[in-house]
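Engineer: here is my input; please provide its structure:
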Amino acid sequence: MGLGALAVVARWKARIGAGLAVLVATVVVLVVAVTGGPAAPAPLPGFAYITNGFSVIPLNMVTGVAGKPIPQPGGALDLAAAPDGQTIYVINPAAGTVTPISTVTNKPGRPIPAGSYPGVIAIPPSGTTAYVGGATAVTPINLATGTPGKPIPLPGEAETITVAPDGQTIYVTGEDDVNPSSTAITPINTATNTAGTPILVSHDVGQLAFALGGQIMYAVGGGPPPSVTPIDTRTGKTQAPVSGVDAVTVSPDGEVAYFSDTSTYTITPVNPLSDKPADRPVRLGVMPGNMIIEPDGTTAWVLVSSSRYYVLPPGAPIPPEAIIPVDLTTGSRGRPITVPQGIRGMTTTPDPQVLMLWCQQGLVILNMSTGALKDTGISFTGTLGIHIAYIPLG
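Structural biologist: Purely as a prediction, here's the structure:
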């Protein structure tokens, strides 16, 4: 029995907090068994791979125990997992390379040249090419041969890279050297490796979210206060930015976009076609941020905080923050789960009942069904942020 693959089903990247900028990238890769063909070595099940700027740390998601760090002499920034789960690819910014690491052995392979100052990476569901964003271009890498292709020019330095739901387009956000007051979102056709006309928005962009199967794209970022710009990907036309929105989370069916509004302390469901509220806002009473919706679309877990847009004095304790469950069918709130370490970001994992939290002390695993927290022992220093790629639970 060999190993087949489904597509990358989630990727999230967001900036969180003024003066406390943290990048969190997540790639969830589902591996399923298929019949026929020779047996292939199996990836280590239920593992997460985490970069801390200097190395890659494997984490057993079942036990919560971290493994031996895998050193990266050229630094370790963003990373992405191949759809078959066999390999992760780690950006080495100081070396200008990408290093493949086998998830079967946790051993690195030969570094691959990746252009000038690489910083972000994405692999579409086809699994044939990795796209690496750098200072002036995106470098496509043939994963079968481990060779870089012709760089795809950008209007400025790449900051985020996101795969559209159909896998046929990637969107690269970053600086626009011609229009420095704008952020450019450059679409790249993955079939031809050619760039389309950049879409300009008037604020920084740390997150792209897609609704209606990719027909509508939300560019979120900037601040304080933050803003969101809705974009029709078929025409490249932008709508007026909506101020105060810190994050956009789209329902699993793609039909509703939920705006986390920091000015009104609400979660507002929005119809992507009309850009108008689809229902009454859910009032939280505290500042909402990133939100994760369970696969059945009925429950959301909302990160809330009273300190996300304030720079605290050195040594000052971070006020308690929490995750609030919200019933999206009734708008009712559940009992908050307080995390006193100071949450700075959260991501989904292959287990729908488990979240990974980036806190003041490091990485913490949250079991949503019990509310239990488990410290992984993985801590972080510096300002490079953290990036996570998951291998499934078996």
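
Engineer: distance across stretch 83-97, terminal residue to terminal residue?
Structural biologist: With C-alpha to C-alpha, to the nearest Å as the measure, stretch 83-97 spans 21 Å from end to end.

Engineer: what of stretch 178-196?
Structural biologist: 16 Å.

Engineer: same thing with stretch 252-269?
Structural biologist: One end of stretch 252-269 to the other measures 13 Å (C-alpha to C-alpha).

Engineer: could you list the buried residues of that stretch?
Structural biologist: Buried residues in stretch 252-269, counted by 16 or more other C-beta atoms under 10 Å: 254-262, 265-269. Yep, even glycine has a C-beta here, placed from its N, CA and C like the rest.

Engineer: now, those that are in strands?
Structural biologist: 257, 258, 259, 260, 261, 266, 267, 268, 269 (DSSP state E).

Engineer: list the beta-bridge partners for the second one.
Structural biologist: Same thing as residue 258. Assessed by DSSP bridges, residue 258 has beta-bridge partners residue 249, residue 269.

Engineer: OK, contacts around it?
Structural biologist: 248, 249, 250, 251, 267, 268, 269, 270, 291, 293, 300, 328 (C-beta atoms under 8 Å, 6 or more residues apart in numbering).

Engineer: wait, isn't the first one in contact with residue 221?
Structural biologist: Right, residue 248. No - Residue 248 is not in contact with residue 221 according to C-beta atoms under 8 Å; the separation is 10.5 Å.

Engineer: shared neighbours, the two?
Structural biologist: residue 207.

Engineer: on that earlier part again, would you turn the buried residues of stretch 252-269 into CSV with pLDDT?
Structural biologist: Putting these into CSV (pLDDT from 0 to 100) gives the following:
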residue, pLDDT
254, 96
255, 97
256, 97
257, 97
258, 97
259, 96
260, 94
261, 92
262, 87
265, 89
266, 92
267, 94
268, 95
269, 96
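
Engineer: farthest pair within the residues you listed?
Structural biologist: 254 and 265 (26.1 Å; C-beta to C-beta).

Engineer: can you list the strands that the helix or strand hosting residue 303 pairs with?
Structural biologist: Using DSSP states H and E, residue 303 sits within strand 299-305. Strand partners for strand 299-305, identified by DSSP bridges, are recorded as strand 287-293 (antiparallel), strand 321-327 (antiparallel).

Engineer: how about the nearest residue to residue 296, chain neighbours excluded?
Structural biologist: Distances taken as C-beta to C-beta, 6 or more residues apart in numbering put residue 252 closest to residue 296, at 7.5 Å, once the chain neighbours are dropped.

Engineer: surely that neighbour and residue 297 touch.
Structural biologist: Yes - with contact defined as C-beta under 8 Å, residue 252 reaches residue 297; the gap is 4.9 Å.

Engineer: what's the closest non-adjacent residue to residue 285?
Structural biologist: Closest to residue 285 by C-beta to C-beta, 6+ apart is residue 265, at 5.7 Å.

Engineer: show the residue spans covered by the helices in the protein.
Structural biologist: For the chain, applying DSSP state H gives no helices.

Engineer: pLDDT weak spots in it?
Structural biologist: Residue ranges of the chain with pLDDT under 70: 1-45, 306-320, 340-342, 380-385, 392-394.

Engineer: rewinding a little: nearest to residue 65 among the ones in strands among the buried residues of stretch 252-269?
Structural biologist: Once C-beta to C-beta is applied, the member of those that ends up nearest residue 65 is residue 260, at 33.0 Å.

Engineer: relative to residue 76, how far out is that closest one?
Structural biologist: Distance, residue 260 to residue 76, using C-beta to C-beta, to the nearest Å: 30 Å.

Engineer: do the same with residue 254
Structural biologist: As judged by C-beta to C-beta, residue 254 and residue 76 stand 33 Å apart.

Engineer: got it, and residue 363?
Structural biologist: Distance from residue 363 to residue 76, by C-beta to C-beta: 15 Å.

Engineer: quick one, which of the two is more surrounded?
Structural biologist: Remark: of residue 363 and residue 76, residue 76 carries more neighbours, 28 against 24, as counted by other C-beta atoms under 10 Å.

Engineer: quick one, what contacts that one?
Structural biologist: 51, 52, 53, 54, 55, 56, 90, 91, 92.

Engineer: one step back: may I see the contacts of residue 258 arranged in a markdown table, with distance to residue 336 as well?
Structural biologist: As requested, the contacts of residue 258 are arranged in a markdown table below (distance: C-beta to C-beta, whole Å):
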| residue | distance to residue 336 |
| --- | --- |
| 248 | 22 |
| 249 | 18 |
| 250 | 24 |
| 251 | 22 |
| 267 | 14 |
| 268 | 20 |
| 269 | 21 |
| 270 | 24 |
| 291 | 14 |
| 293 | 17 |
| 300 | 13 |
| 328 | 17 |
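
Engineer: who are the contact partners of the residue nearest to residue 296?
Structural biologist: 293, 295, 296, 297.

Engineer: same deal with residue 139?
Structural biologist: Taking C-beta under 8 Å, 6+ apart, we find residue 139 in contact with 113, 114, 115, 118, 131, 132, 148, 149, 151, 152.

Engineer: is it bridged to anything, and to what?
Structural biologist: Here residue 139, judged by DSSP bridges, has bridge partners residue 132.

Engineer: can you check residue 232 too?
Structural biologist: residue 216, residue 237.

Engineer: give me the distance between it and residue 195.
Structural biologist: Residue 232 sits 19 Å away from residue 195, going by C-beta to C-beta.

Engineer: swap in residue 46?
Structural biologist: For residue 46, the distance to residue 195 - C-beta to C-beta - is 38 Å.

Engineer: residues near residue 107, how many?
Structural biologist: Using other C-beta under 10 Å, the number of residues around residue 107 comes to 10.

Engineer: what sits closest to it if chain neighbours are left out?
Structural biologist: With C-beta to C-beta, 6+ apart, the residue lying closest to residue 107 is residue 101, at 7.0 Å.
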